[in-house]
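Q: pasting the sequence and the predicted coordinates here, then a few questions.
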Amino acid sequence: MNYTQILHGAGLTDAVLTAGSLSVRTPIDGSELARLQVDVATDVEAQIAAAAEAFLCWRQVPAPRRGELVRLLGLRLRASKEALGRLVTLECGKIYQEGLGEVQEMIDICDLAVGLSRQLHGLTIVSERPGHSMRESWHPMGPCAVITAFNFPVAPWAWNAALALVCGNPVLWKPSEKAPLSALATKVIFEQAVADFGEAPEHLLQVVIGEREAGTVLVESEAVPIISATGSTAMGRAIGPRIAQRFGRSILELGGNNAMIVAPSADLEMALRAIVFAAVGTAGQRCTSLRRLFVHDSIYDSLLPRLKKAYADLPVGDPLQEDILVGPLIDYQALDTMQQALHTAKEQGGHITGGERLYADNCAAACYVQPAIVEMPTHTAIIQQETFAPILYVLRYQDLDQAIALQNDVSQGLSSAIFSTDIRETEYFLSACGSDCGIANVNIGPSGAEIGGAFGGEKATGGGRESGSDAWKGYMRRQTNTINYSRDLPLAQGIEFTIEDA
Ligand code: UN1
């Protein structure tokens, strides 16, 4: 299948693909896929106004009916899984299996949101006053902006949008300018679901195409009460205070610097497989990618040679080909950052295996790399930085407290894992004295989370939670209600306040 067939197969027409000036390239060979029309500030303002209009209608639709639209979206996504998965691969370079996995995450969160649409319930609370009752109600908030990154061009949108929609909020989607085509294709699928549904207001989902300027309009608009953004910590630092300034609600899912501890009792076979998938999957460009590996001294010399062998055998290449496991980096900037980090790691005492650029001669416009293992003497400054590339820093440790201290000794706090069959160790790792991350796993790697749990992390990861568990509360406002069904008017706290009879 050629690129044009992939684009058309995902529902993108030539009119859309040639409408403007934003050049979109595939990292597979650097060729241009499209030139998209860009939304300028006034366009984004008009989109916000249209979303506000849609909200007035959508908030009145009973939540289970809103869930029906999301159910239909899930059905349409099932039918489009291969086409959209292939487009994700073409646009961001992850292997086709992972492209499919991303669409499956969208389907899964739709299913979860359909169930939730009948469970957006609050508490009933006892009142201290006779003849009174109390309850909590959850209400829609208004337009929800979802800002997504190039590496997961569709799944994080779905974690946010499926929940936002059943919660009663229209969605404004600003995809990465490096991966906007998957968003436009998803919009086509969404409109099919809207047609199936038959009675949705217009503008429930709008896609904002543009660079920083377009995002800034969303971030600064008081008409957009929720901003959910996935991206770098630098991006979060730029937009977080601006949203806070206007008392908007932000859901931030930022950088990770995820570690795994491999303890003496670990099943090394399993650990090996988990390490390789977590470190080189998506070419190391997941926010949950494994970047730091702490291996106990007693097993280091048996694990490391096997790990290096597995790395040496990795098939790197065109991610659309079936037997490839590692696709390209997104662009030259990513390649530069990786090379610089390796250079610095070497200066800081690292011993590097791999890391070189591949196919530069016959595919100069694409950035393929051999994933790197870097054995480090200590936890130096470069390790504390998130480099969005397949670099795995490996260190020895002697005792678990030391390993946990090192794992927590970074500014980010997204995901973490321990491989151990010793329940004392694993429970300690999950305890208040263990991992400080939003995600902590036992005997699986740090990446590849299921949608059923809340997804996100602490510290410089931003603190937001998306997807499962009670993350839906982030898309609604909580209202506390006190109802007096008596013929009296007692005040709380027993306060007496009597006025002359009027
Ligand atoms: C991301 O990289 O921004 O847990 C999201 C995972 C995926 C999501 C990653 N389900 O690795």
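A: Cool, got the structure.

Q: quick check: residue 57 touching residue 201?
A: Yes: between residue 57 and residue 201 there is a contact at 4.0 Å, judged by CB atoms under 8 Å. C-beta coordinates here come from the backbone N, C-alpha and C atoms, glycine included.

Q: so residue 388, which state does it fall into?
A: Applying DSSP: H, G, I helix; E, B strand; the rest coil to residue 388 yields a three-state assignment of coil.

Q: let me see the contact set for it.
A: If a contact means CB atoms under 8 Å, 6 or more residues apart in numbering, then residue 388 has 151, 232, 284, 285, 334, 337 as its contacts.

Q: neighbours around the third one, how many?
A: Read that as residue 284. Taking other CB atoms under 10 Å as the neighbour definition, residue 284 ends up with a count of 25.

Q: roughly how far apart are it and the ligand?
A: Relative to the ligand, residue 284 is positioned 11 Å away (CB to the nearest ligand atom, to the nearest Å).

Q: and the residue nearest to that residue when sequence neighbours are not counted, what does it touch?
A: With sequence-adjacent residues excluded and distances taken as CB to CB, 6 or more residues apart in numbering, residue 284 is closest to residue 390, at 3.1 Å. For residue 390, the contact set (CB under 8 Å, 6+ apart) comprises 279, 280, 283, 284, 285, 289, 326, 338, 369, 371, 372.

Q: go with 7 Å
A: 279, 280, 283, 284, 369, 371, 372 (CB atoms under 7 Å, 6 or more residues apart in numbering).

Q: give me the pLDDT value at it.
A: If you check residue 390, the pLDDT there is 98.

Q: that one and the ligand, how far apart?
A: Distance from residue 390 to the ligand, by CB to the nearest ligand atom: 14 Å.

Q: for that residue, grab phi and psi.
A: Dihedral angles phi and psi of residue 390 (degrees, to the nearest 10) take the values phi -80, psi 70.

Q: going forward, the N-terminal residue is numbered 64.
A: Taking 64 as the first residue, the last one we looked at is residue 453.

Q: can you give me phi and psi for residue 96?
A: Per degrees, to the nearest 10, the residue geometry at residue 96, taken as phi and psi, is phi -100, psi -30.

Q: coming back round to it: just the buried members of the contacts of residue 451?
A: Buried residues within those, counting neighbours by 16 or more other CB atoms under 10 Å: 214, 347, 348, 397, 400.

Q: and those, which of them are in helices?
A: Counting by DSSP state H, the buried ones among the contacts of residue 451 place 397, 400 in helices.

Q: ok, of the buried ones among the contacts of residue 451, which one's closest to the ligand?
A: Distance to the ligand, by CB to the nearest ligand atom, is smallest for residue 214 among the buried ones among the contacts of residue 451, at 5.4 Å.

Q: you'd agree that closest one is up against residue 345?
A: Yes: taking CB atoms under 7 Å as the contact criterion, residue 214 and residue 345 are neighbours in contact, 6.1 Å apart.

Q: thinking again about what came up before, among the contacts of residue 453, which two are most distant?
A: Of all pairs drawn from the contacts of residue 453, the one with the largest separation by CB to CB is 342 and 432; the distance is 12.7 Å.

Q: more neighbours: these two, which one.
A: Neighbour tally, residue 342 and residue 432, criterion other CB under 10 Å: the higher count belongs to residue 342, 29 against 25.

Q: ok, that one to residue 275 distance?
A: 31 Å (CB to CB, to the nearest Å).

Q: help me confirm that residue 458 is found in a strand?
A: Yes: using three-state DSSP, the secondary structure at residue 458 is a strand.

Q: show me the contacts for it.
A: Under the criterion of CB under 7 Å, 6+ apart, the contact partners of residue 458 comprise 357, 439, 442, 469.

Q: looking at those residues, which are in strands?
A: residue 357 (DSSP state E).

Q: residues of the stretch 414-563 of the chain that sit close to the ligand?
A: With CB under 6 Å from any ligand atom as the criterion, the stretch 414-563 of the chain comes near the ligand at residues 510, 511, 512.

Q: show me where the stretch 64-213 of the chain dips below the pLDDT cut-off.
A: Across the stretch 64-213 of the chain, nothing is flagged by pLDDT under 70.

Q: which residues of it lie near the ligand?
A: Near the ligand, the residues belonging to the stretch 64-213 of the chain are residue 168 when assessed by CB under 6 Å from any ligand atom.

Q: in the stretch 64-213 of the chain, which spans are helices?
A: Secondary structure of the stretch 64-213 of the chain (DSSP state H, counting those that start in this stretch): helices located at 66-72, 77-80, 104-121, 126-142, 144-155, 159-179.

Q: please identify the deepest-packed of the ones you listed.
A: Mean neighbour count (mean count of other CB atoms under 10 Å) peaks for helix 144-155 among these, with a mean of 24.

Q: OK, contacts around the residue nearest the centre of the chain?
A: Against the mean C-alpha coordinate of the chain, by CA atoms, centre = their mean, the closest residue is residue 219 at 4.4 Å. With contact taken as CB under 7 Å, 6+ apart, residue 219 is in contact with 211, 293, 529.

Q: any of these buried? List them.
A: Looks like the contacts of residue 219 have 211, 293, 529 buried, using 16+ other CB under 10 Å.

Q: closest to the ligand out of these?
A: residue 293 (5.3 Å).

Q: the closest one and residue 221: what is the separation?
A: The separation that residue 293 has from residue 221, given CB to CB, amounts to 12 Å.

Q: now do the buried residues in whichever helix or strand residue 337 is part of.
A: Secondary structure from DSSP states H and E places residue 337 in helix 331-343. When burial is assessed from 16+ other CB under 10 Å, helix 331-343 yields the following buried residues: 331, 334, 335, 337, 338, 339, 340, 341, 342, 343.

Q: which of those residues come close to the ligand?
A: Residues shared between the buried residues of helix 331-343 and the neighbourhood of the ligand: none [CB under 6 Å from any ligand atom].

Q: got the residue ranges for the helices in the stretch 264-413 of the chain?
A: Going by DSSP H, counting those that start in this stretch, the stretch 264-413 of the chain shows helices at 275-283, 296-308, 331-343, 360-375, 395-410.

Q: distance to residue 317 and mean pLDDT added to those helices, as a markdown table?
A: As requested, the helices of the stretch 264-413 of the chain are exported to a markdown table (distance: least, CB to CB, whole Å; pLDDT from 0 to 100):
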| stretch | distance to residue 317 | mean pLDDT |
| --- | --- | --- |
| helix 275-283 | 14 | 95 |
| helix 296-308 | 4 | 97 |
| helix 331-343 | 19 | 98 |
| helix 360-375 | 28 | 98 |
| helix 395-410 | 17 | 98 |
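
Q: out of those helices, flag the one nearest residue 545.
A: Of all the helices of the stretch 264-413 of the chain, helix 296-308 comes closest under CB to CB, at 29.7 Å.

Q: chain center to that closest one, what's the gap?
A: Computed by CA atoms, centre = their mean, to the nearest Å, the chain-centroid distance of helix 296-308 equals 17 Å.
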